[in-house]
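Novice: Compute the structure for the input listed below.
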Amino acid sequence: MKNALILHGVENNSQGNWFPWLRKDLSRKGYKVWVPDLPGSDSPNMKLWVKIIFSNKDWNFNNQSLMIGHSSGATLILRILEKLPAGTQINKAILVACFVTRGTKQEFFRYKEGLVRDGFDWRKIKKSAKKFFYIHSKNDKYECGAENGIIMKKHLGGELIIKENEGHFNLEQGPQYKQFPLIIELLD
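Specialist: Got it, this is the predicted structure:
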């Protein structure tokens, strides 16, 4: 069965940014969609978030699964892929403004440190998804820019999409981020 997991980032929830629009569009396309509200999004707890995802008995990952994450939600996808059972492989992972380093701006360390401190099992992550897409902007003020996409592409392959002036791909950038048509384009 085609299913899609959409994960929000720090200080957000399932109703923020382009998530409700994407949920509706994917549902129309025949996907079973889950957009959980991750608790404590102002202070991310990766272990708790992973536990929540895997404790949902109504959800399973398969070769038709799609995972889409924004910011720390995208980093969470990498952690989920690390923990999928051996032999389980999803179809696509679309990582928007994903970070794999804590960057250099100390004001963001508290959000990122616990999510990236332990490093990543790139080999396991790569085996857990058929295709990866990394969407980044050159002017992401939260240091979730192209340098992160370059690191992931080096380890995982996939397609790196770099935009010029799209900030963090959220409503902070403008009302156009009530939708995100590029994600739908990547499904074909």
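Novice: any idea which element residue 126 lies in?
Specialist: Following DSSP states H and E, one finds residue 126 within helix 122-127.
Novice: ditto for residue 130
Specialist: strand 129-137.
Novice: Helices along the chain, start to end?
Specialist: 19-28, 46-55, 72-83, 109-116, 122-127, 146-156, 181-185 (DSSP state H).
Novice: For residue 92, grab the count of nearby residues.
Specialist: 18 (other C-beta atoms under 10 Å). Using the backbone N, CA and C atoms, a C-beta is placed for each residue, glycine as well.
Novice: meant to ask about residue 96, not that
Specialist: The burial count for residue 96: 28, using other C-beta under 10 Å.
Novice: Quick check: pLDDT value at it.
Specialist: Predicted confidence (pLDDT) for residue 96: 98.
Novice: Also the one 3 residues further on?
Specialist: Predicted confidence (pLDDT) for residue 99: 93.
Novice: Do I have it right that it meets residue 147?
Specialist: No - in this structure, residue 99 is not within contact of residue 147 by C-beta atoms under 8 Å, at 9.3 Å.
Novice: Name the residue in the two with the higher neighbour count.
Specialist: Under the neighbour definition other C-beta under 10 Å, residue 99 and residue 147 were set side by side, and residue 99 has more, 29 against 14.
Novice: For residue 57, see how far away that one is.
Specialist: Distance, residue 99 to residue 57, using C-beta to C-beta, to the nearest Å: 30 Å.
Novice: Which positions in stretch 126-139 come out as buried?
Specialist: Residues of stretch 126-139 classed as buried by neighbour count (16 or more other C-beta atoms under 10 Å): 126, 127, 128, 129, 132, 133, 134, 135, 136, 137.
Novice: Show me what the helix or strand bottoming out on mean pLDDT in the chain is packed against.
Specialist: For the chain, the helix or strand with the lowest mean confidence is helix 109-116, at a mean of 72 (criterion: mean pLDDT, DSSP states H and E). Applying 3 or more C-beta pairs under 8 Å, 6 or more residues apart in numbering; DSSP states H and E, we find helix 109-116 packed against helix 72-83.
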